[in-house]
Structure formats: C-alpha cells, structure tokens
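**Q** what's the 3D shape of this:
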Amino acid sequence: MHASIVMTVLASDRPGLVSTLSETIAAHGGSWQESRMARLAGQFAGILRVECPAGQADGLLGALKELESEGIAVQARLEAAAPAGPRESMTLDVVGNDRPGIIRALSAAIAAAGGNVEDLATSLESAPMSGHPIFHATGRVSLPGGGDPAALIAAIENLGPDLSVSVAADR
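**A** Alright, predicted model coming up:
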C-alpha cells in the first residue's frame with residue numbers, strides 16, 4: 001500500500017536544490033509523481049506530489065522537515081482522498097487590462113459559479129502598441145456535474161468589459 005504526500009517547497013534558488021529534494025524522497029522509497037516548479041524573485045517555489053510505501057511515510061515527512069536546516073522550507077501533508085462527486089473539467093483563458101484585485105475578483109467569480117480552480121497560471125504581458133500591462137490567466141477549472149459553463153463565462157465577463165474569456169471542455 002502506498003501513501004501520497006503533497007508538499008510545497010520554498011528556498012533561495014541555487015543549483016542542486018531539486019537534486020537534494022529528490023534524493024530525500026528516493027531515500028524513503030518515494031516516487032516523484034507530479035510537480036510544478038518556478039523561480040520567482042530569486043526564490044525556488046514548488047508544489048509536488050510523491051508516493052511512498054505507507055510504512056515509510058512518517059520517515060519521509062520527518063526527513064522533509066529536517067531540510068529546514070539546509071534552508072529548504074517544506075510543508076507536507078498526507079493526501080486525504082475525499083470522495084468527490086462528478087465534475088466537468090474545463091480549460092480557462094482570460095486576458096484583460098491589469099488592475100489591483102483582479103485575482104481576487106476572478107477567483108470569487110469562479111467560486112460564485114460553482115467552479116473549483118484546479119490549475120492556474122497568471123502573468124503580466126505588455127500590450128503590443130501601448131506597452132501597458134495586460135493580465136493573462138490560463139488554467140483548468142472544474143464545475144460540478146450538470147454545472148453550466150455559460151454561467152462561468154458570464155460571471156467572469158461581468159468583472160469588466162475589457163476581459164476576453166474563453167472556456168473549453170477538456171476532452
């Protein structure tokens with residue numbers, strides 16, 4: 001029987017950081033399943049899920065905590081498998097003028113439409129002619145079975161006339 005562990009990792013970026021993390025995981029019989037990693041403002045930031053033999057999970061959690069002495073902050077949790085009802089997953093793409101609070105408003109609109117953010121990447125890009133900042137969000141949102149994608153689009157478009165929204169069902 002295997003245990004899944006979900007974690008976040010934050011440290012000053014440096015060569016060998018991912019190697020140290022992967023060696024710690026492997027030393028406890030762990031297998032790196034999926035991850036997202038980025039360098040943000042000189043910091044390494046990562047989220048990942050690993051599996052390990054259930055009997056080694058506590059040891060792995062302890063070893064991850066010990067990485068703090070090397071300047072690697074890890075928050076790790078055993079994954080709790082919650083039974084979920086049927087959900088429909090959709091790809092989301094939103095582009096518009098940047099403004100303070102846009103993520104707060106976008107996430108509130110998604111939640112109000114019954115959506116759950118499963119994956120989201122945001123960036124600021126320069127407008128081609130004027131150079132002013134353009135907000136761009138791409139990701140995956142799920143709606144409960146029978147949810148209305150049109151309601152999700154309308155909720156986001158109601159945030160302002162400058163937002164371009166596209167939602168496509170994942171196949």
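
**Q** would you map out the domains in this protein?
**A** Using automatic domain parsing, the domain parsing of the chain gives 2-78, 87-169.

**Q** mean pLDDT lowest where, among the ones you listed?
**A** Sorting the domains of the chain by mean pLDDT places domain 87-169 lowest, at a mean of 90.

**Q** end to end, how far does that one reach?
**A** Using C-alpha to C-alpha, to the nearest Å, the end-to-end distance of domain 87-169 comes out at 11 Å.

**Q** so what's the gap between that domain and the chain middle?
**A** Its chain's average C-alpha position is 15 Å from that of domain 87-169, according to C-alpha atoms, centre = their mean, to the nearest Å.

**Q** which element is the residue nearest the centre of the chain on?
**A** Central residue of the chain (C-alpha atoms, centre = their mean): D119, 4.7 Å from the mean position. D119 belongs to strand 116-126 when assigned by DSSP states H and E.

**Q** what residues of that strand count as buried?
**A** Within strand 116-126, the residues that count as buried by 16 or more other C-beta atoms under 10 Å are L120. For glycine as for every other residue, the C-beta is placed from the backbone atoms N, C-alpha and C.

**Q** for it, packing partners?
**A** strand 87-97, helix 102-112, strand 133-144 (3 or more C-beta pairs under 8 Å, 6 or more residues apart in numbering; DSSP states H and E).

**Q** nearest to R36, out of these?
**A** Closest approach to R36 among these is made by strand 133-144 (11.3 Å; C-beta to C-beta).
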